[in-house]
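S.K.: Below are the sequence and a predicted model; questions follow.
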Amino acid sequence: KAGVTQTPRYLIKTRGQQVTLSCSPISGHRSVSWYQQTPGQGLQFLFEYFSETQRNKGNFPGRFSGRQFSNSRSEMNVSTLELGDSALYLCASSFTPLEETQYFGPGTRLLVL
Amino acid sequence: SQQGEEDPQALSIQEGENATMNCSYKTSINNLQWYRQNSGRGLVHLILIRSNEREKHSGRLRVTLDTSKKSSSLLITASRAADTASYFCATEETSGSRLTFGEGTQLTVNP
């Protein structure tokens, strides 16, 4: 069974631009969560989607948004990029939000110049 | 913001030795999980311990949980060079939010 896939793996953007990252969960998994990892703040929860609905949201500004499609694939969008948005963005999936174990993808490394 | 703190921040040992990492957290939890991350790549789930459990084993891993002290420890026995990675604890809080991670321990196992 294929694991969680994230595209693109690497991305370079400039301040003020916007970016869309994609996550395809493990087949059959319907819950997708996003996390941001930076050297300064560590790993932080962004949001979680289940059945195309956002269930939980972390403490991030409105520039960070996401959505989930009917096939459970998820995208996250960051508008008006700032230098501090440079990070590794990780996606994780599980069958349902109640499932304790999440399976993480390899991440998308975003560099904002 | 980080739920917990991990101790030590960095640990360097020789192959064959045991490695112990500690994690503390602040709120009530449903479970605590340990993950491994190699060189800024994705996270690999290692082991989960529920709030009503005190100790759990998986291969060379041993996890303990003390909910009264809000702390956990991960013991890796007979370490190998391939165990070199960052190790994170993560808690699933009773409030229902998704995982909250600690700051991580960078483990280096020297051959």
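M.R.: It's in. Numbering: from 1, shown residues only, chains lettered A, B, ... in the order given.
S.K.: Contacts for the lowest-mean-pLDDT helix or strand in chain B next, please.
M.R.: One helix or strand of chain B scores below all others by mean pLDDT, DSSP states H and E: strand B:5-7, with a mean of 82. For strand B:5-7, the external contacting residues (Cβ atoms under 8 Å, 6 or more residues apart in numbering or on different chains) are B:21-24, B:87-89, B:102-105. No exception for glycine: its C-beta is placed from N, CA and C like everyone else's.
S.K.: Around chain B, which positions in chain A sit nearby?
M.R.: Residues of chain A found near chain B (Cβ under 8 Å from any Cβ of the partner chain) are A:4, A:33, A:35, A:37, A:41-45, A:48, A:56, A:58-59, A:88, A:90, A:92, A:97, A:100-107, A:109.
S.K.: ok, how many other residues are close to residue 22?
M.R.: If you meant another chain, say so; for now it's chain A. 14 (other Cβ atoms under 10 Å in any protein chain shown).
S.K.: Please refer instead to chain B.
M.R.: Neighbourhood size, residue B:22 [other Cβ under 10 Å]: 17.
S.K.: In the helix or strand hosting it, which residues are buried?
M.R.: Assessed by DSSP states H and E, residue B:22 sits inside strand B:19-24. By neighbour count on 16 or more other Cβ atoms under 10 Å in any protein chain shown, the buried set for strand B:19-24 is B:19-24.
S.K.: Could you do stretch A:30-41 as well?
M.R.: By 16+ other Cβ under 10 Å, the buried positions in stretch A:30-41 come out as A:30-37.
S.K.: any idea of the mean pLDDT in that stretch?
M.R.: Stretch A:30-41 shows a mean pLDDT of 93.
S.K.: Can you give the distance from that stretch to the centre of its chain?
M.R.: 6 Å (Cα atoms, centre = their mean, to the nearest Å).
S.K.: quick revisit: need the contacts of strand B:5-7 in JSON lines (columns: pLDDT and distance to chain A).
M.R.: Rendered in JSON lines, the data for the contacts of strand B:5-7 read as follows (pLDDT from 0 to 100; distance: Cβ to the nearest Cβ, whole Å):
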{"residue": "B:21", "pLDDT": "96", "distance to chain A": "15"}
{"residue": "B:22", "pLDDT": "95", "distance to chain A": "16"}
{"residue": "B:23", "pLDDT": "94", "distance to chain A": "13"}
{"residue": "B:24", "pLDDT": "94", "distance to chain A": "14"}
{"residue": "B:87", "pLDDT": "96", "distance to chain A": "12"}
{"residue": "B:88", "pLDDT": "95", "distance to chain A": "7"}
{"residue": "B:89", "pLDDT": "95", "distance to chain A": "11"}
{"residue": "B:102", "pLDDT": "90", "distance to chain A": "8"}
{"residue": "B:103", "pLDDT": "89", "distance to chain A": "5"}
{"residue": "B:104", "pLDDT": "92", "distance to chain A": "7"}
{"residue": "B:105", "pLDDT": "94", "distance to chain A": "12"}
